[in-house]
Each structure stands twice: as structure tokens, then as C-alpha cells.
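Chemist: Sequence isn't available, so here's the structure alone:
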């Protein structure tokens, strides 16, 4: 399962790298694209199967963010969709604030 | 030799094959560690561990040089999301708490949240319509 996770996550990152090297899209464009793609894969019912098949390496990719948003929207209503990803967003906000208060800007 | 040719010759060529392999390996390592973390804890804890780690690395100013070396392998996982929040926040720290940090907090990560929510809402609506049929 670890090897499957390795190959799957690696392939997704490689696709992103290929897109970045061969087009003008920046990392921001690619991550936004991948989130929407994750929601689409969730809509098609593929993403959960991929997690079951390739292990939890698939949950660390930003695509899983879109998938979780879609799944929560179906389960507990469109306006509640953030409840599925609130752990990630809130921890990112709190950590970033803490780090900003502690560290100085490096030039 | 025209100027354009000269510029093309002098610009260091990024080795695309090498970039691909590096991104594959880094992404793979990230995926494997994540799988191990999930088997020890759960998915949410795994995400929090990565977020905390990448935030701290961003604070030390290490993350950007890691991205240069490791390519998209650490941008596409959740670490890239956390990095974008922390780096935007650090960058605008000198402009003040509200107009600096507050206004620019989601400068980069906002698009991920925005397009995630919009596409999930559209697709959920579509599913609702399909269920009606």
C-alpha cells in the first residue's frame, strides 16, 4: 500500500510539474485547477475509489480538498460544505498567524 | 546571431526530465509518509502535522529553497496550501496587522478555497438535478 501511495502521489506531482514546465500557468493556477478536478472526480465517484485503491497518499494531495468539499456538500448540504475541511483551514490560519508573530521576514 | 538567439543560448535550460523525476520522487515520498501517518493516527491528524511542519519551515525561510529543489512535489500536497498562507502573511507583516496581514492573508490560498467551493457547489447542484430526473 505504501508503494502504491508512492506511485500515485508521485504521478500526480509529476503531472503538475509537466503542466508547470510546458505552459505559462503558475503554481497557483495549477493548485486551483487540481482542486476543481478533485471535486469533479468526487462527483464522478472516482476519488474515494482511488483512495481505497492507492492508500492514503491520495488524501494529502490538494485534489482531496475538492473531493471532501463535494462530499460534505452532498452529505450535509451545500452551505455546510466547509465543515469537512475546517480542520485544515483553521489549523493553517492559526499556524500562519503564530509563525508571523514569532518570525521576522527574511529577505 | 540575432539577439533572440543569443538570449535563448544564454538562458540556462531547465532540465524538464530531471524536474519530472524529482517531482515524482518527492511527491512519492510525501504520499508514503502520509500513508504511514494515517495508519498511525487518522487523516485529519496527518493533514495537521503537514500544515504545522510546512508553516514552521516557511517561518525559517527554508520552504522556498525546498520548492526550488523539490519542485511541485511539495506544492501539490497540502503543504503548498499552508505555505501560501504563511508566506503571504509574513510578506505583508510590515504593512500592519489589519491592512497588511489581515487583508493579504488569503492572497494566494484564496483561489484554492474559492474555486474549490464554486466547483463543489456547481457539481452538488448538478447532482441534485440529476437525482430529480
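Modeler: Sure thing, it's come through. The structure displayed is predicted, hence computed values, not measured ones.
Chemist: from here on, contacts and neighbour counts on C-alpha atoms
Modeler: Will do.
Chemist: need the longest helix for the chain.
Modeler: Defaulting to chain A. helix A:2-22 (DSSP state H).
Chemist: Can you look at chain B instead?
Modeler: Longest helix in chain B, counting by DSSP H: helix B:16-40.
Chemist: tell me what that one is packed against?
Modeler: Under the contact criterion of 3 or more Cα pairs under 8 Å, 6 or more residues apart in numbering or on different chains; DSSP states H and E, helix B:16-40 touches helix A:2-22, helix B:43-59, helix B:63-70.
Chemist: so which of the ones you listed gets nearest residue B:83?
Modeler: Comparing those against residue B:83 with Cα to Cα, the closest turns out to be helix B:43-59 (5.8 Å).
Chemist: sorry, back to before: quick one: which of the helices and strands packed on helix B:16-40 is nearest residue A:67?
Modeler: Using Cα to Cα, the nearest of those to residue A:67 is helix B:43-59, at 13.8 Å.
Chemist: Distance of residue B:77 relative to residue B:106?
Modeler: The gap separating residue B:77 from residue B:106 is 18 Å, by Cα to Cα, to the nearest Å.
Chemist: Compare those two (neighbour count), which wins?
Modeler: Using other Cα atoms under 10 Å in any protein chain shown, the more surrounded residue of residue B:77 and residue B:106 is residue B:77, with 30 against 19.
Chemist: Leaving out the residues flanking it, which one is nearest to the more buried one?
Modeler: Spatially, and ignoring its direct neighbours in sequence, residue B:77 is nearest to residue A:61 (4.0 Å; Cα to Cα, 6 or more residues apart in numbering or on different chains).
Chemist: ok, now residue A:2?
Modeler: Distance criterion Cα to Cα, 6+ apart; nearest residue to residue A:2, sequence neighbours excluded, is residue B:32 at 5.2 Å.
Chemist: Could you check how many residues crowd around that neighbour?
Modeler: Neighbour count for residue B:32, taken as other Cα under 10 Å: 27.
Chemist: got a list of what it touches?
Modeler: Each residue near residue B:32 by Cα atoms under 8 Å, 6 or more residues apart in numbering or on different chains is listed here: A:2, A:3, A:5, A:6, A:57.
Chemist: Relative to residue A:5, how far out is the residue nearest to residue A:70 when sequence neighbours are not counted?
Modeler: Residue nearest to residue A:70 in three dimensions, not counting chain neighbours: residue B:120, with 4.6 Å by Cα to Cα, 6+ apart. Separation of residue B:120 from residue A:5 (Cα to Cα): 25 Å.
Chemist: Of these two, which one has the most company?
Modeler: The neighbour count for residue B:120 versus residue A:5, taken as other Cα under 10 Å, is higher for residue B:120 (31 against 28).
Chemist: doesn't residue A:69 make contact with that one?
Modeler: Yes: under the criterion of Cα atoms under 8 Å, residue B:120 makes contact with residue A:69 at 6.1 Å.
Chemist: residues bridging contact with these two, i.e. touching both?
Modeler: By Cα under 8 Å, 6+ apart, residue B:120 and residue A:69 have these common neighbours: residue A:39.
Chemist: Let's see the pLDDT reported for the residue nearest to the spatial centre of chain A.
Modeler: Centroid check for chain A by Cα atoms, centre = their mean gives residue A:62 as the closest residue, at 1.2 Å. On pLDDT, residue A:62 comes in at 91.
Chemist: Identify the residues contacting it.
Modeler: Taking Cα under 8 Å, 6+ apart as the criterion, residue A:62 is in contact with A:31, A:34, A:35, A:38, B:76, B:77, B:78, B:81.
Chemist: same thing but 6 Å
Modeler: Neighbour list for residue A:62: A:35, B:76, B:77, B:78 [criterion: Cα atoms under 6 Å, 6 or more residues apart in numbering or on different chains].
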